[in-house]
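Q: model this:
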Amino acid sequence: MAYRLKRLTFKRDVYSKPIASLIATGWAVSVSLASLGSSFAAVISSINMLALVASLIAMVLSAHAVAGDRDGLLEAYLSAWGRLKYITGRIAANSAVSALLVAIISTPYLALRWEWAPPLGALLASLPSSLIGTAVGISSKERAPLVAIVVWSAVTLIYDVVVAFLSLILPLGDEAILALQVANFFKVATLLATSLVDPYLLTLGPLGEFVVSHWGVQWAYSALSSIYASWTIALILLVVDLGRKADL
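A: Reported below is the predicted structural model:
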């Protein structure tokens, strides 16, 4: 019974029209980014854009998967595995499928440019995005994918606008701006990928100079990695807590 449920879940999560649509969109973006060339500016742009697409795919896919469980299989999951095992299994399944999709949509870019930083940024952005999408699916019984798109827009697009606006109207120092940057998991993921091609974080301007001068190149990378790991652990705990308390 448990094996059959796992097989049905995998087939439903991977072989579906929404997945096919997301893959097609990701391939189009990947080929377009590869056509920009291999210059430094093109690679930096590719890191950000591919991470944006991967984050959107992971968040929407994960929310859609949880919502799909309610259409017939949720009762079977809960009776066979229990609530906690279902939640942890769904976290693992959503993360794995998101990583698989990132690998698939990154294939055209790698084939044309053979540059690893953009796919790595996409992978790093997809994991926490998948966790947030899972949390959205648990919390929202209706229109979970739409809610996920709204959350994705707030995290990846609106957040930057708000930070830029605050930096204009408030006397924020480098420490405050850095804190605002690492307070967003998406920014941490792209910064980690960017550091592979820009170890001195020159693309961040004065902020990158501040980070490297105070932490050094190696410590800056270690600090960003630790912050990313902390974000991931915190989101896993959040999803598990939501799954234990929510009315599934």
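
Q: got any ranges where the protein has weak pLDDT?
A: Residue ranges of the chain with pLDDT under 70: 1-18, 72-81, 206, 247-248.

Q: Could you pull out the strands in it for me?
A: Applying DSSP state E to the chain gives no strands.

Q: what are the ranges of the helices in it?
A: With DSSP state H, the ranges of helices along the chain come out as 2-14, 17-34, 40-69, 74-81, 83-113, 117-139, 144-153, 159-169, 174-182, 185-197, 206-215, 217-245.

Q: can I get those helices in TSV with mean neighbour count?
A: C-beta: built from backbone N, CA, C; applies to glycine. Formatted as TSV, the helices of the chain follow (neighbours: other Cβ atoms under 10 Å):
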stretch	mean neighbour count
helix 2-14	14
helix 17-34	16
helix 40-69	24
helix 74-81	15
helix 83-113	19
helix 117-139	27
helix 144-153	19
helix 159-169	12
helix 174-182	16
helix 185-197	23
helix 206-215	16
helix 217-245	15
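
Q: residues in contact with Ala220?
A: Ser195, Leu201, Val211, Val212 (Cβ atoms under 8 Å, 6 or more residues apart in numbering).

Q: so can I have JSON lines of those showing distance to Ala117?
A: What follows is the contacts of Ala220, written out as JSON lines (distance: Cβ to Cβ, whole Å):
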{"residue": "Ser195", "distance to Ala117": "9"}
{"residue": "Leu201", "distance to Ala117": "13"}
{"residue": "Val211", "distance to Ala117": "18"}
{"residue": "Val212", "distance to Ala117": "18"}
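
Q: right, and out of those residues, which lies closest to Leu172?
A: Proximity of these to Leu172 was ranked by Cβ to Cβ; the top entry is Val211 with 15.1 Å.

Q: Pull the contacting residues for Gly205.
A: Contacts of Gly205 (Cβ under 8 Å, 6+ apart): none.

Q: Could you measure from it over to Ala246?
A: Here Gly205 is placed at a distance of 42 Å from Ala246 (Cβ to Cβ, to the nearest Å).

Q: same thing with Ala41?
A: From Ala41 to Ala246 the distance is 44 Å (Cβ to Cβ).

Q: Over to Leu202?
A: For Leu202, the distance to Ala246 - Cβ to Cβ - is 45 Å.

Q: next one: Ser130
A: In terms of Cβ to Cβ, Ser130 sits 18 Å off from Ala246.

Q: Over to Ala117?
A: Distance, Ala117 to Ala246, by Cβ to Cβ: 37 Å.

Q: again with Arg90
A: According to Cβ to Cβ, Arg90 and Ala246 sit 12 Å apart.

Q: With Lys187 instead?
A: For Lys187, the distance to Ala246 - Cβ to Cβ - is 28 Å.

Q: same question, Ser95
A: 19 Å.

Q: Same check on Val43?
A: Taking Cβ to Cβ, one finds Val43 at 41 Å from Ala246.

Q: Could I get the phi/psi values of Gly173?
A: In terms of degrees, to the nearest 10, the main-chain angles of Gly173 are phi -80, psi 180.

Q: Enumerate every residue touching Phe185.
A: Ala125, Pro128, Ser129, Val155, Tyr228, Trp231, Thr232, Leu235.

Q: Reformat those as TSV; add distance to Ser55.
A: Below are the contacts of Phe185 laid out as TSV (distance: Cβ to Cβ, whole Å):
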residue	distance to Ser55
Ala125	4
Pro128	8
Ser129	4
Val155	8
Tyr228	14
Trp231	13
Thr232	14
Leu235	13
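
Q: got the phi/psi numbers for Pro171?
A: Dihedral angles (degrees, to the nearest 10) for Pro171: phi -80, psi 70.

Q: correction: Glu142
A: phi -130, psi 140.

Q: so how far is Trp231 from it?
A: Between Glu142 and Trp231 the distance is 28 Å, computed by Cβ to Cβ.
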